[in-house]
Every structure is written in C-alpha cells, then in structure tokens.
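[1] I would like the atomic coordinates for the input below:
(one chain, ligands or ions: 1)
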Amino acid sequence: MAGSLSPDDAIEAIRSAGGARPGCRALHAKGTLYRGTFTATPEAARLSRAPHLDGSTVPALIRFSNGSGNPEQPDGAPGVRGLAVKFTLPDGATTDVSTQTARLFVASTPEGFIDVLTAMRPGLLQPLRMARHLLTHPRLFAALPVLRDANTVPASYATTEYHGLHAFRWVGADGNARFVRYHLVPAAGAKVSGPAAHSESPDFLTDELDARLARGPVRFDFRVQIAGPQDSTVDPSAPWQGTQVVTVGTLEVTGLDTEREHGGDIVVFDPMRVTDGIEASDDPVLRFRTLAYSASVKLRTGVDRGAQAPPV
Ligand code: HEM
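    Numbering: from 1, shown residues only. Sure, this is the predicted structure:
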C-alpha cells in the first residue's frame with residue numbers, strides 16, 4: 001500500500017514543481033476531451049471476461065493532455081503526454097484506462113515519485129538536485145533514454161504511443177488469469193518528434209488533432225503485453241521481458257466531446273476504476289493514484305469524490 005505518504009503531501013510536492021493550480025487538474029492540467037468508440041478483437045474475450053471486451057462496440061470518452069500541472073504550458077514544451085480513456089459498460093457503469101508517453105515510470109513507489117518532483121522543483125540548484133537524484137537511483141539513470149523519448153515534443157497526439165505502466169490481472173470466463181501491461185499504439189504509425197513543433201502555436205497539438213479528426217477518425221490499437229515469469233507486477237519502473245503482445249481492440253476517436261465538464265460535471269480518469277474480469281495489481285503507485293486524484297478533484301472542483309471513487 002501507499003506507506004506514510006498522504007495525498008496532500010503529493011499535491012504539495014506537485015505544487016512546488018509548478019503544478020496544482022486552483023481550478024485545474026494538479027497534473028495534466030491542459031487537455032481536451034474527445035468522443036469515440038472501442039471495439040474489442042476476439043482475442044480480448046479469451047483473456048478477460050470484462051464486458052467491454054466481448055466484441056461489441058462501446059462508447060468511449062477520451063482525454064489527450066500535456067503532463068505538466070501548468071494549464072498554460074505551450075504544446076511545444078517538452079514533457080510527457082497523456083491519453084486517458086473511459087469505456088461505458090452495458091449497464092452504464094464505466095471503466096478507465098490511463099496511459100502516458102513514457103514506457104517506464106520514474107519511480108517504483110509514490111514516495112519515489114515525490115522525491116523526483118522535489119528534485120525537479122525549479123530554482124538555481126535544480127540541475128544539482130537532479131544529478132544527485134540520478135546518481136543515487138541507478139534504475140532511473142538507466143531509463144534516461146526511454147524518458148528522453150517520452151518527453152520529446154510529438155508531431156501529433158495521434159502519432160504517439162502511450163503506455164499504461166501498471167500491471168493488471170485479466171481474468172477470463174474460464175477463471176484463468178494473467179498479468180498484463182497496456183499499450184495504445186497509433187494506427188497512423190508512431191513518430192518520435194515533430195521537427196518544427198517549437199515554432200508552432202501554443203495549442204498546435206489540439207489544433208492538429210481537430211484538423212485530423214475533421215478528415216476522419218483517429219485510431220489506436222489497444223495492445224496488452226503479457227507478463228513473463230520474471231516480470232514485476234508491482235513496480236512500474238521495471239522493464240518487462242515478456243514478448244507476448246496481443247491486440248485486444250481498436251480505440252476510435254471520432255470528435256470533440258461537448259457534453260462533459262460543464263455545469264459542475266466532474267470527469268476523473270482513475271486507473272483503479274476496473275470492472276469484473278480486470279483486477280488491479282498490488283503496485284503501490286497504482287493504488288496511491290486514486291488518493292492523489294481525489295485530492296486533485298477536491299482542489300479543482302471543491303468536491304469530495306466520495307462514492308465516485310473506486311474502492312481502494
Ligand atoms: C504516484 C504517482 C502519480 C501521482 C501522484 C499522479 C498524480 C496525478 C494527478 C494529481 C492528476 C490529476 C487528476 C485529476 O484531477 O483528475 C494526474 C493525472 C493524470 N495522470 Fe497521474 N499521477 C501518478 C502516476 C501516473 C502514472 C503512472 C501515469 C501513467 C500511466 C499517470 C497518468 C496520468 C494521466 C494520463 C493523467 C490525466 C488524466 C486526465 O486526462 O484526466 N499518472 N496524475
């Protein structure tokens with residue numbers, strides 16, 4: 001579980017790193033909601049009995065975002081990007097998937113993430129703090145090339161790969177189970193960076209996506225990577241060796257959402273919001289996220305999530 005760190009400690013560390021602005025998501029403050037659908041492949045139903053994986057097309061609410069907690073962050077600034085998806089189940093309930101451009105997380109625990117945020121806080125000593133953090137965290141040091149790619153300015157939200165990082169246990173109708181990690185892979189093909197990106201408008205990623213959607217839907221393959229025997233199911237900073245990857249469906253983004261987040265409506269993408277056939281692993285970062293997201297919701301809306309929060 002999350003140890004002694006409180007969600008308010010996390011918000012405070014995020015604030016010291018430049019995020020947690022009133023009225024905005026504490027991180028991923030700048031983002032746009034879209035509508036779309038999800039249709040699972042026949043392989044999906046063999047891996048999980050979850051209702052949205054039975055092959056029928058279900059509605060999806062999608063949010064593309066920049067990782068920064070600064071809602072004014074220009075799209076040309078380096079940083080991770082997010083792709084969060086909420087699937088509507090046949091009974092009207094929802095289940096969420098939350099992904100970002102980094103293939104590995106920067107820490108294995110919430111406390112470790114707070115240490116990274118603390119080292120990153122702006123100021124004269126920041127380079128020194130970061131250097132010291134990297135030298136004392138060899139796994140993070142080794143992951144630097146992966147993280148550098150994930151922080152590059154993309155040419156488009158639609159040509160970027162996104163990763164779920166945590167392990168989830170998928171349980172089939174026959175009761176057999178396996179741990180998987182999620183990957184959303186653009187059907188348009190992945191490009192690492194956009195050469196002229198920095199000179200474009202501060203909202204060029206949303207503008208580009210809207211122009212692309214005017215020409216037709218944007219598609220992502222939803223792939224799951226099945227854990228190999230040595231792969232950690234509790235550490236999102238540990239690379240996986242498992243080579244078995246199964247395409248379990250297609251996410252189709254069709255256009256802007258105009259309904260949600262008006263008049264006090266709250267949207268939260270929470271990876272702990274799973275459904276029958278999908279179980280959260282014991283990854284402490286995954287379990288802490290619900291608490292941090294509730295603290296962020298309180299900050300941005302004043303509302304205690306209460307019953308809206310999935311069970312921890
Ligand atoms: C301890 C670790 C983490 C903390 C403290 C944290 C914190 C936050 C907070 C406070 C928010 C705003 C939530 C809201 O107001 O709805 C957020 C959003 C987000 N986070 Fe995290 N996060 C963590 C780990 C991760 C990881 C591992 C991923 C990637 C898999 C991730 C991806 C996202 C995405 C995509 C959003 C935007 C969701 C949206 O569009 O509404 N986060 N995070």
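[2] any idea how far Asp8 is from the residue in the chain positioned nearest to the ligand?
    Closest residue of the chain to the ligand, CB to the nearest ligand atom: Gly82 (2.8 Å). Bear in mind the C-beta positions are built from the backbone N, C-alpha and C, glycine included. Per CB to CB, to the nearest Å, Gly82 is found 22 Å from Asp8.
[3] Which one's more surrounded, these two?
    Gly82 (21 against 13; other CB atoms under 10 Å).
[4] partner residues bridging the residue of the chain closest to the ligand?
    Beta bridges link Gly82 to Ser65, Gln100, judged by DSSP bridges.
[5] correct me, but it touches Gln100?
    Yes: between Gly82 and Gln100 there is a contact under CB atoms under 8 Å: 4.9 Å.
[6] I'd like the distance from stretch 295-306 to the chain centre, please.
    With CA atoms, centre = their mean, to the nearest Å as the basis, stretch 295-306 stands 19 Å off its chain's centre.
[7] Mind listing what's buried along that stretch?
    295-300, 305 (16 or more other CB atoms under 10 Å).
[8] Quick one, which of those has the minimum pLDDT?
    Taking the buried residues of stretch 295-306 together, the minimum pLDDT is found at Arg305 (84).
[9] residue contacts, it?
    By CB atoms under 8 Å, 6 or more residues apart in numbering, the residues touching Arg305 are 266, 268, 293-294, 297-298.
[10] Distance to Pro284 and secondary structure added to those, as a markdown table?
    Below are those laid out as a markdown table (distance: CB to CB, whole Å; DSSP: H, G, I helix; E, B strand; the rest coil):
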| residue | distance to Pro284 | secondary structure |
| --- | --- | --- |
| Ile266 | 26 | coil |
| Val268 | 20 | coil |
| Tyr293 | 15 | helix |
| Ser294 | 16 | helix |
| Val297 | 21 | helix |
| Lys298 | 22 | helix |
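[11] and these as CSV, adding distance to Ala188?
    Shown next, in CSV, are the contacts of Arg305 (distance: CB to CB, whole Å):
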residue, distance to Ala188
Ile266, 32
Val268, 28
Tyr293, 30
Ser294, 35
Val297, 33
Lys298, 38
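[12] Among these, which ones lie close to the ligand?
    268, 293, 297 (CB under 6 Å from any ligand atom).
[13] Spit out the contact partners of the last one.
    Taking CB under 8 Å, 6+ apart as the definition of contact, the neighbours of Val297 are 266, 268, 303, 305.
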